[in-house]
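# Quick one: sequence plus predicted model below, questions after.
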Amino acid sequence: MTTKNVYIENMKKQLDELNANMQKLDAKAKEAKADAQATYHEEMRKLHQQSQLAVAKLDELKAAGEDGWDKMVAEMDKVRDAFTHSFHYFKSQV
């Protein structure tokens, strides 16, 4: 397996794990009191947007040639890190 394939596989696993954890948080947010639910729904909307961005970036990475690989890895890492940070922040607020 090439370095590119290993990286893509690891990134996909990380994003899948974050998305699964996001679903757990979504269920927990639905149990919150009505006044807090609006806030939770807005934060979940933002997390879903970041998730979609990360998946789109991963798709770009899969299609990237070797010449653009390093730049794409750096961009993917930034997107993943932002998504992870937002997720952990939201999780700490729930």
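Good, I have the coordinates. In this text, all values refer to a predicted model and were calculated from it rather than measured experimentally.

# Mind naming the longest helix for this protein?
Taking DSSP state H as the criterion, the chain has its longest helix at helix 34-63.

# Buried ones in it, by neighbour count?
Going by neighbour count (16 or more other CB atoms under 10 Å), the buried part of helix 34-63 is Tyr40, Glu43, Met44, Leu47, Gln50, Ser51, Ala54, Val55, Lys57, Leu58, Leu61. No exception for glycine: its C-beta is placed from N, CA and C like everyone else's.

# what packs against that helix?
When contacts are defined as 3 or more CB pairs under 8 Å, 6 or more residues apart in numbering; DSSP states H and E, helix 34-63 packs onto helix 3-30, helix 69-93.

# how about JSON lines for those helices, with mean neighbour count, mean pLDDT and distance to Ala36 added?
Below are the helices and strands packed on helix 34-63 laid out as JSON lines (neighbours: other CB atoms under 10 Å; pLDDT from 0 to 100; distance: least, CB to CB, whole Å):
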{"stretch": "helix 3-30", "mean neighbour count": "14", "mean pLDDT": "85", "distance to Ala36": "8"}
{"stretch": "helix 69-93", "mean neighbour count": "15", "mean pLDDT": "85", "distance to Ala36": "10"}
